[in-house]
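Need a 3D model of the following:
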Amino acid sequence: MATSYNLAPIPKWVIMNSQGTAAGGAKLYTYSSLNHVQQKAVYQDQGGSIPYTNPILFDLNGTAGPFYWQFNDGTPDNLYYLEVYDSDDNLLWTLDEYTPPGAGGGGTVTVYQSITNYIGNSVFIDHIDNTASPVGVTNLLIAPGNHKGFTPALINPIVGTYGVVGPDTRFVKNNTSATDQITFVAFAQADNFTGDSTPVDYLRYQCTVLGAAETFKAFQFPICQKVKNLNNQSMTFQCWAKVLATPVTLSVYSRQYFGSGTAPSAEVRTLAGTMSLTTSWQEFNIQFTMPSTAGKSVGTAGAQTDDDASYMQLEMPLNALCDVWFTKPTLHLGDIEPDNDFDNYDQIDAIIQTFRTGDVKTSLLSSVPGGWINMNDGFIGNVGSGALNRANKDTFQLYKTLWDGVTDVWAPVTGGRGATAQADFVANKTMRLPLSLGRALLGQDGQFGTSLTFTAVAATDLITVLSTDNMPTGTPVQVSNSGGGLPAPLLASTPYYVINISGTTLKLATTVDNALAGTAIDITSAGTGTQTMFSVLGFAFGSGTHTLISSELPDPISSTSARTNCAVGGSGVIEAGGGGGIGIIGNSGGNQPHSIMQPSTFMNVFIKL
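Okay, the predicted model is just below:
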């Protein structure tokens, strides 16, 4: 190992202030590029025997030097980090990983390196707020995040070796044995990170009762769809963190998922580094290389699902008590460590609130925009499916979204649905899009989602729920059961229609016409276990014309000034004021359907892939 002291290409330095004039009295602080608070001396002589004071003070003309910069080939990564302030201690500029190119001057090649943060919502805006304790699920959505190309993960999520895969920031774990809770705590206005912007709040994770047999328990951040994009790339993960009292060490992992189709490679989870937390806020910088994908496969050609992706996971202590606070997890290409990482809410919102798979829009565009398809009552499927609307592996995210959220009645799969959306997709089964041509798009309140539990009474056919406010008569619903059986004769994956009875009670009908007529299903048993009711999307009904039936005719017009007593089509006496007369009653109607279509304007309807 040898240490040298190299003269900068410009031996005498001149510092300019923010107004473009000489910064008289400027200060140059010199630190190690490996630790931005550890001072590293610059020298006045080529032998490295006379160090400058730190900071180096510039004269009234803003000049100083010459500077000899230390370089040790045994630690080639230990370069300089520079901070320059004016005489009033206003920061002028910083420079990281600086070293001159050898004694006597010369030149260097500057390489541009992006400092884009690949965790799209590192300050958790629009988060879920505080959770109940314990967190009783293995897939908890924390905040919206990156989502393009990631398979939706709320209903029937795809679960890999290390938890659910899908969009957004999530908390994933292999079991629910621990008693843990997640809260969001606001920073006091006086609290500030040194040298970095301070977010509105931080995430606090607490484990108060030990878990058992925990193999993973992590906050997961989707990075990019397509696992190949970042392979072999140098990356830097940063995060601010602390603990309340007891120090712990957190592990940071990269996660490469190779898809859920046929015969993909097993996912790879690689330790990127660790964070040893204390009771003080500190910024951690972890430099690592994303593993290579050489020799890996995203599945059998023609049976791929196009959902391979890269993730980062910040793992909490396993089978251990802890009280961890953290915020601003970021990921950058290369070994740059931005000193001040900040995106305003509009910048973050532009990423997390863009159109998502399954979103629908109307347009007067005559052609389909990229990333969308016509919602034209047509079919989608995999490459070999022969689907006429679109046959491509990039339809899988939409295929699974519809498979999970819309019943086979209104999004039918050719030959019937199998065990999973993945199985049907790679089997080249086509799926019809929900009907939209010539139809009005109606709003349905799916606010009750999949969490509305109910009880049924066989004697009265009444079903009791927490509230029926979002469920007017005719609302389509489905039912499911866990830990027992559904009330007879109700079946899972079958659409039923609400008859709204009161604020907390309803009955179910087999058709929307029966619901409107008040004809309910005869419930013959209360069922066992937990009964759940959830909203149904894609339901299509109605027609553009209708023929009145007798029950729909208005009440007859009555009068006391005349009366008749005769057969239809025959003769009789019509007598005004009770008197008699002769008249004929005939049927002049045609019994033809009439139009009931509302005033309408036709547009193209597109659905997001």
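
Check which helices and strands the longest strand along the chain is in contact with.
Determined from DSSP state E, the single longest strand within the chain is strand 322-333. When contacts are defined as 3 or more Cβ pairs under 8 Å, 6 or more residues apart in numbering; DSSP states H and E, strand 322-333 packs onto strand 201-209, strand 217-225, strand 234-243, strand 309-315. Any C-beta I mention is one placed from the backbone N, CA and C, and that applies to glycine too.

For Pro369, which of these is the nearest?
Pro369 sits nearest to strand 217-225 of all the helices and strands packed on strand 322-333, at 18.9 Å, using Cβ to Cβ.

now the longest strand of the chain against strand 234-243, angle please.
Relative orientation of strand 322-333 versus strand 234-243 (axes from the mean of the first three to the mean of the last three Cα atoms, to 10 degrees): 160 degrees.

How far off centre is strand 322-333?
Counting by Cα atoms, centre = their mean, to the nearest Å, strand 322-333 is centred 18 Å from the centre of its parent chain.

Quick check: mean pLDDT of that strand?
For strand 322-333, the mean per-residue pLDDT is 96.

likewise stretch 592-605?
Mean pLDDT, taken over the full extent of stretch 592-605, equals 82.

swap in stretch 419-432?
In the prediction, stretch 419-432 has an average pLDDT of 97.

And the contacts of it?
156, 158, 260-262, 303-305, 377-382, 384-387, 396, 399-400, 402-404, 411-415, 417-418 (Cβ atoms under 8 Å, 6 or more residues apart in numbering).

same check, this time on stretch 207-216
The contact list for stretch 207-216 (Cβ under 8 Å, 6+ apart) reads 133-134, 162-163, 172-175, 177-181, 217, 313, 315-323.

So which of those residues are in strands?
Applying DSSP E to the contacts of stretch 207-216, the entries found in strands are 163, 172-173, 179-181, 217, 313, 315, 322-323.

of all the helices and strands packed on strand 322-333, which lies closest to Leu433?
In terms of Cβ to Cβ, the element of the helices and strands packed on strand 322-333 nearest to Leu433 is strand 217-225, at 22.5 Å.

Report all helices and strands that the closest one contacts.
For strand 217-225, the contact count by 3+ Cβ pairs under 8 Å, 6+ apart identifies strand 163-164, strand 169-173, strand 309-315, strand 322-333 as packing neighbours.

Ala509: what's it in contact with?
Contact analysis of Ala509 by Cβ under 8 Å, 6+ apart lists 496-499, 515, 519-521.

So how do I select the buried members of the residues you listed in PyMOL?
PyMOL command restricting the contacts of Ala509 to the buried ones, with burial defined by 16 or more other Cβ atoms under 10 Å:
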select buried, resi 496+497+498+499+515+520+521
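
Tell me which of the contacts of Ala509 fall in helices.
Ala515 (DSSP state H).

which stretches of the stretch 451-600 of the chain aren't confidently modelled?
Low-confidence segments of the stretch 451-600 of the chain, defined by pLDDT under 70: 451, 539, 541-542, 551, 556-588.

Actually, the stretch 251-400 of the chain.
Across the stretch 251-400 of the chain, nothing is flagged by pLDDT under 70.

how about the helices in it?
For the stretch 251-400 of the chain, the helices defined by DSSP state H, counting those that start in this stretch occupy 345-352, 396-405.

Redo those as TSV? Include distance to Arg255 and mean neighbour count.
Rendered in TSV, the data for the helices of the stretch 251-400 of the chain read as follows (distance: least, Cβ to Cβ, whole Å; neighbours: other Cβ atoms under 10 Å):
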stretch	distance to Arg255	mean neighbour count
helix 345-352	20	14
helix 396-405	19	24
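
Now distance to Thr510 too, for those, in TSV please.
Below are those laid out as TSV (distance: least, Cβ to Cβ, whole Å):
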stretch	distance to Thr510
helix 345-352	41
helix 396-405	22
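
Which of those helices sits closest to Ala540?
For the helices of the stretch 251-400 of the chain, distance to Ala540 was read as Cβ to Cβ. The smallest value, 13.3 Å, belongs to helix 396-405.

Against which helices or strands is that closest one packed?
On the basis of 3+ Cβ pairs under 8 Å, 6+ apart, helix 396-405 makes packing contacts with strand 379-381, helix 421-426, strand 431-432.

what number of residues lie near Leu82?
The criterion is other Cβ atoms under 10 Å. On that basis, Leu82 has 18 neighbouring residues.

Could you find the closest non-adjacent residue to it?
Distances taken as Cβ to Cβ, 6 or more residues apart in numbering place Leu95 nearest to Leu82, at 4.4 Å, with adjacent residues excluded.

Kindly report the same for Asp341.
With Cβ to Cβ, 6+ apart as the measure, Thr330 is the residue that lies nearest to Asp341, at 5.4 Å, once sequence neighbours are left out.

In contact with that neighbour, which residues?
Applying Cβ under 8 Å, 6+ apart to Thr330 gives the contacts 117, 119, 122, 237-239, 338, 341.
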